[in-house]
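Trainee: take a look and give me a structure for this.
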Amino acid sequence: MLFKITKESGIPLMGVIAFGVIDRGTNLLQVRGSTACNLRCLFCSTGANDSKNHPTEFLVEVDYLLSWVKDVLKIKGNGVEINLDSVGEPSAYPDLVKLVTELKKMPEISKISMQTNGTLLNEKRIKELEEAGLDHINLSIDTLDVKKGAYLRGCETYNVQKLAETAKLINESKIELLLAPVWLPDVNDEDVKNLIKFAKELDCKMGIQKYEIYKYGRRMKEAGKVNWWKFYKQLEAWEKEFGIKLKTTAKDFEIERRTRVEEVFEPGERVQVEIKAPGWQTGQMIGVARNRCISINDCTANMGDKVNIKILESKNNIYVADLLEKKQVLPHLEAEL
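Mentor: You can find the predicted model right below:
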């Protein structure tokens, strides 16, 4: 089911991971316009493109999304990077070019970057994004082997040879390119080496990602597990072997601490919310209070219902809660809305 979010919906664009604006207390803001994804990667950190676990897909109206970015920028100040990302595939957002064009007009923004698997990009699309003002692309590519690429991406039509040509097109444009493979130990070790060689051939940046297992993500049984120490030791070894910088820090990307948008709930807090949308995860609903969204576990309430919840998680203005039993409800909660 596709759920469209507009200003009239009364759904704030902060509080959940699936859509809106995410502020992690730096000069980089994550902006998410949709949850759609065209692949089904075996190692996906969010488990995207899975109707069983994610029965609802979200699409945010572009002007409403821009209005929220403007409001958050008032708090963040100048020199802000907007990173267009998603729990799915950012380039699947239908108003992507308009989004970039309008963001580029905001004086507080110094850089617009985008995460992408690259499969929806072609020469025309790259040109449109270049002219709109996109500055940087992190291209997710984990192998140059056609058969392995289709396997890892869970898609028979995934063609990594075509993606390599897309990488070259991006690199020839004004958009800065960074190849961003996920290192899957015991699965794509040699493939990562080949990608390092490819990055050197293109003379573009390389940013290797550590494979992590997340609560709602997919898990690759074949992939080995390494801690952060071993991960960085491997990067050091590849740096020495290939003569390319691989170990990066926030400073390399000009990311710095900034005032964050006020967090309005604390773990353990009890509050009454109005149900405004189904959740992205199966069994969840989204409630609204204090101009924030909250994902509510095991909730079967109807749209418009007012329910009482207990905040379980509160981090970076992303909230998860459980329903309270009637007998647990405190009288003052009735006034929350």
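
Trainee: sec struct for Trp68, please.
Mentor: helix (DSSP: H, G, I helix; E, B strand; the rest coil).

Trainee: now it: how far from Ser314?
Mentor: Distance, Trp68 to Ser314, using CB to CB, to the nearest Å: 19 Å. Placement of C-beta: from N, CA and C, glycine included.

Trainee: residues contacting Val21?
Mentor: Leu13, Met14, Leu29, Gln30, Val31, Arg32, Leu65, Trp68, Val69, Val72 (CB atoms under 8 Å, 6 or more residues apart in numbering).

Trainee: per-residue pLDDT, the residue nearest the centre of the chain?
Mentor: By CA atoms, centre = their mean, the mean C-alpha position of the chain lies nearest to Ser86, the distance being 3.3 Å. pLDDT for Ser86: 96.

Trainee: touching, it and Arg32? I think so.
Mentor: Yes: between Ser86 and Arg32 there is a contact under CB atoms under 8 Å: 5.1 Å.

Trainee: Three-state assignment for Lys147, please.
Mentor: On the three-state scheme (three-state DSSP), Lys147 is labelled helix.

Trainee: equivalent analysis for Phe3, please.
Mentor: Assignment for Phe3 (three-state DSSP): strand.

Trainee: try Val273
Mentor: Taking three-state DSSP, the label given to Val273 is strand.

Trainee: ok so, going back, from the contacts of Val21, which land in helices?
Mentor: Leu65, Trp68, Val69, Val72 (DSSP state H).

Trainee: helix, strand or coil for the residue nearest to the last one when sequence neighbours are not counted?
Mentor: I take that to be Val72. Spatial nearest neighbour of Val72, chain neighbours left out: Val21 (5.4 Å); criterion: CB to CB, 6 or more residues apart in numbering. Under three-state DSSP, Val21 falls in the strand class.

Trainee: pretty sure Leu42 is touching Gly154, no?
Mentor: Yes: judged on CB under 8 Å, Leu42 makes contact with Gly154 at a distance of 5.7 Å.

Trainee: end-to-end on stretch 268-282?
Mentor: End-to-end distance for stretch 268-282, by CA to CA, to the nearest Å: 23 Å.

Trainee: list the buried residues for that stretch?
Mentor: Buried positions in stretch 268-282, judged by neighbour count with 16 or more other CB atoms under 10 Å: Arg270, Val271, Gln272, Val273, Glu274, Ile275, Lys276, Ala277, Pro278, Gly279, Trp280, Gln281.

Trainee: let me know the closest of those residues to Arg260.
Mentor: Of all those, Arg260 sits closest to Val271, with 20.5 Å by CB to CB.

Trainee: tell me if I'm right that the closest one and Phe265 touch.
Mentor: Yes: counting by CB under 8 Å, Phe265 is a contact partner of Val271 at 6.8 Å.

Trainee: count the residues that sit near Gly47.
Mentor: 20 (other CB atoms under 10 Å).

Trainee: what's the spacing between it and Gln281?
Mentor: 9 Å.

Trainee: what's the overlap in contacts for those two?
Mentor: In contact with both Gly47 and Gln281: Asn53, His54, Tyr216, using CB under 8 Å, 6+ apart.

Trainee: just the element for the residue nearest to the centre of the chain, please.
Mentor: Using DSSP states H and E, Ser86 sits within no helix or strand.

Trainee: for it, what are its contacts?
Mentor: So Ser86 contacts Arg32, Gly33, Ser34, Thr35, Ala36, Cys37, Ala92, Tyr93, Gln115 (CB under 8 Å, 6+ apart).
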